[in-house]
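Visitor: Take a look and give me a structure for this.
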Amino acid sequence: MLDSDQIEHYMTTFVIPWSTNILFALLIWFIGRRVVKTLVSVIDTIMEKAKLDNVLSDFLNSIITALLTAFIAIAALEQLGIPTTSLVAIFGAAGLAIGLSMQDSLKNFAAGVLLIVNRPFRAGDFIEVAGISGTVEKIAVFSSVIRTGDNREIIIPNSKIYEDVIVNYSARDTRRIDMVIGIGYGDSIQQAKEVLAKILEADERILKEPGYSIALGELADCSVNFNVRPWVKSSDYWPTRSTLLENIKNTFDAEGISIPFPQQDIYIKEVAK
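Guide: Predicted coordinates for the structure are as follows:
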């Protein structure tokens, strides 16, 4: 049996200090967690007011939460008297090893963050990148999803997107349709220009500002070529282009204006024996 002096010594040496350390460690952990939650909420509000992309804000929130939680855990362990220097070194070495083994993933992650921050395109834009054309369905941290015109889903690593030339067809509200229309050398240039102008003016999708242009572009081998360049809304580009080509062909046929096509004449001469 322990006497009163031994019990008092045991209490003052072990029980009270350990109890106090455990209590303070628990307070650090639970109060710290609440502080982290409040800070993350404030940061989330700031990012929402800054109109950051949801993908980026969610990712940043998770990173900030993880870092602050790790800091609180280290502080709680320090309060318990557990040495954390070696623990931090172990985690650092492990992080370095994981980083070296996941270079491609980290590269995609960095490119994903840059894409989300710089916003060269958004979900719903029609783009051409890495040899793929389609509508952007989703921009994630490691890859992006593009839906092609024939409804295929293409998943492209973000590093390939960021390293390549990005053509965003939806970045501007308007687009210019560039068409080369040829007529025969025997046809009237003035008549062809008047017919083309009537076709363009009859289509309500053609914008008045900026105005269209019809200019003689080239005296080619088999045709006289016009550069026909009307402006339309980006969403009307393909339907308008298709309609214009059809109307030009039909109207030229009705007006007797020829549209040359490549052809080769072969002459056979009989040699007298």
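Visitor: Tell me how many other residues surround E201.
Guide: Other residues near E201 number 12, with proximity taken as other C-beta atoms under 10 Å. The C-beta positions use only the backbone N, C-alpha and C, and glycine is treated the same way.
Visitor: Check which helix or strand it maps to.
Guide: helix 189-202 (DSSP states H and E).
Visitor: For that helix, what does the pLDDT average out to?
Guide: Averaged over helix 189-202, pLDDT sits at 94.
Visitor: the domain parsing of the protein - what is it?
Guide: Residue ranges for the domains of the chain, per automatic domain parsing: 4-101, 120-168, 174-255.
Visitor: How about the contacts made by A73?
Guide: Shown in contact with A73 (C-beta atoms under 8 Å, 6 or more residues apart in numbering): W29.
Visitor: Go ahead and report the secondary structure state at it.
Guide: helix (DSSP: H, G, I helix; E, B strand; the rest coil).
Visitor: From S234, how far out is it?
Guide: 51 Å (C-beta to C-beta, to the nearest Å).
Visitor: pLDDT below threshold where in this protein?
Guide: 1-18, 52-56, 58-59, 82-104, 262-265, 267, 272-273 (pLDDT under 70).
Visitor: Which parts of the stretch 51-200 of the chain are helices?
Guide: For the stretch 51-200 of the chain, the helices defined by DSSP state H, counting those that start in this stretch cover 54-79, 85-101, 103-118, 158-163, 189-202.
Visitor: Just the CA atoms of the third one, as PDB, please.
Guide: I take that to be helix 103-118. Extracted in PDB, the C-alpha atoms of helix 103-118 (Å, rounded to 0.1, in the frame of the first residue of the first chain):
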ATOM      1  CA  GLN A 103       5.100  13.700 -61.100                       C
ATOM      2  CA  ASP A 104       2.500  13.300 -63.900                       C
ATOM      3  CA  SER A 105      -0.400  13.700 -61.600                       C
ATOM      4  CA  LEU A 106       1.100  16.700 -60.000                       C
ATOM      5  CA  LYS A 107       1.800  18.100 -63.400                       C
ATOM      6  CA  ASN A 108      -1.900  17.600 -64.300                       C
ATOM      7  CA  PHE A 109      -2.900  19.100 -61.000                       C
ATOM      8  CA  ALA A 110      -0.800  22.300 -61.500                       C
ATOM      9  CA  ALA A 111      -2.200  22.600 -65.100                       C
ATOM     10  CA  GLY A 112      -5.700  22.200 -63.700                       C
ATOM     11  CA  VAL A 113      -5.300  24.900 -61.200                       C
ATOM     12  CA  LEU A 114      -3.900  27.300 -63.900                       C
ATOM     13  CA  LEU A 115      -6.800  26.400 -66.200                       C
ATOM     14  CA  ILE A 116      -9.300  27.200 -63.400                       C
ATOM     15  CA  VAL A 117      -7.600  30.400 -62.400                       C
ATOM     16  CA  ASN A 118      -6.800  31.800 -65.900                       C
END
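Visitor: Name the residues of that helix that are buried.
Guide: Within helix 103-118, the residues that qualify as buried are K107, N108, F109, A111, G112, V113, L115, I116, counting by 16 or more other C-beta atoms under 10 Å.
Visitor: Against which helices or strands is that helix packed?
Guide: helix 54-79, strand 132-139, strand 143-147, strand 153-157, helix 158-163 (3 or more C-beta pairs under 8 Å, 6 or more residues apart in numbering; DSSP states H and E).
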